[in-house]
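1. Got a predicted structure plus its sequence, pasted below:
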Amino acid sequence: MFKRAPLHLATSLLLATSTWQAQATEGGISSWPMGIELYGMGILPPPGTYGQLFVGNYLADSLRDNSGDKAADIDLRVTTLVPRFVWVTEQKVFGGDLGFHALLPLNDMRLNVKGGPHDHKRGIGDAHLGPVIGFHPTDKLHIATGVDFVLPTASEYDKDDLINLGNHYYTVQGVLAMTYLDPAGLNADVRLMYDYNFENKATDYQSGRELHADYTLGWGLGNGWVLGVGGHAYQQVSDDKCSAGDCAAAALVEASDGNRGRSFSIGPAVQYSSKQGWMFSAKWQDESGVRNRAEGQTYWFKFTTPL
């Protein structure tokens, strides 16, 4: 279970007639870095304390409009380090194990618009935390559900900047994750998420509600290794809104059909689980079918160990 650990891809650039317009971080960003989760995403481990480290690198060279056409040539690079701590208690809730998690991303972001402006920022992103309940119906089937909260803790925010380290608004995310794990057979995971975004008080802008999922599918080799594929599917299910009557983004949101985002990614994924209890996984994913967002490729690495 993870919260949009940090890829705050602040690339809300829209092409209006022949003029570039930068809208802070609203358009084209989510509180969750799509596809960050890998194998075992529905498994809450036994009671104890665990540490995880995610390392991600996102590269994008284009921004897609509401029709999927290229709206801009860009050079976007986002590198993120995400330490995450998980505490699983002895407490039972509805027959499941109660746990809590928290993470704080460290982001390095660079954006260059071809023939236009550029920006670079480095620092703390938005914190993610929340409770989770884990169930183990069988020795191979595992389920985890919870609510995550994204807090606007980024080290700096300026609505007039091209990129920002955080979104500057709160997000509540409902989560349901499931894992089927066979060390010498089929491995399948999905993490379903529904996001409600509150208004950004600095811009009077409210991003729409979002439905998305991370997934992996692989085959266990019986020696700790799992090989397969993984990625994400994303669909924004309600329009962006701008509450102030003089909101500069209102006309652009309406013209782009609510600025609803969409994307899908897939790529190879691998995991190794040691007999000592630590795990390492890696994934590369390529995006397609993108609407109102940047389109690119992501590398994810994940390391988990008991503390």
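-> Great, that's in hand.

2. Make sure Thr298 is indeed in a strand.
-> Yes - per DSSP: H, G, I helix; E, B strand; the rest coil, Thr298 lies within a strand segment.

3. number of nearby residues for the nearest residue to it once chain neighbours are set aside?
-> Spatial nearest neighbour of Thr298, chain neighbours left out: Tyr58 (4.8 Å); criterion: C-beta to C-beta, 6 or more residues apart in numbering. Just so you know, the C-beta spots here come from the backbone N, C-alpha and C atoms, and that holds for glycine as well. Neighbours of Tyr58 under the rule other C-beta atoms under 10 Å: 23.

4. show me what contacts Tyr58?
-> Contact partners of Tyr58, counting by C-beta atoms under 8 Å, 6 or more residues apart in numbering, are 7, 9, 33, 76-80, 296-298.

5. Narrow the residues you listed to those in strands?
-> Among the contacts of Tyr58, the residues falling in strands (DSSP state E) are 76-80, 296-298.

6. ChimeraX command for the buried members of the residues you listed?
-> Typed into ChimeraX, the line below selects the buried ones among the ones in strands among the contacts of Tyr58, using 16 or more other C-beta atoms under 10 Å:
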select :76,78,79,80,296,298
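
7. Reformat the ones in strands among the contacts of Tyr58 as TSV; add distance to Val172 and pLDDT.
-> Converted to TSV, those look like this (distance: C-beta to C-beta, whole Å; pLDDT from 0 to 100):
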residue	distance to Val172	pLDDT
Leu76	27	94
Arg77	30	95
Val78	24	94
Thr79	27	95
Thr80	22	95
Gly296	27	96
Gln297	29	97
Thr298	25	96
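
8. JSON lines for the ones in strands among the contacts of Tyr58, including distance to Pro137?
-> As requested, the ones in strands among the contacts of Tyr58 are exported to JSON lines (distance: C-beta to C-beta, whole Å):
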{"residue": "Leu76", "distance to Pro137": "42"}
{"residue": "Arg77", "distance to Pro137": "42"}
{"residue": "Val78", "distance to Pro137": "37"}
{"residue": "Thr79", "distance to Pro137": "38"}
{"residue": "Thr80", "distance to Pro137": "34"}
{"residue": "Gly296", "distance to Pro137": "37"}
{"residue": "Gln297", "distance to Pro137": "36"}
{"residue": "Thr298", "distance to Pro137": "32"}
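
9. Appreciated, that's everything.
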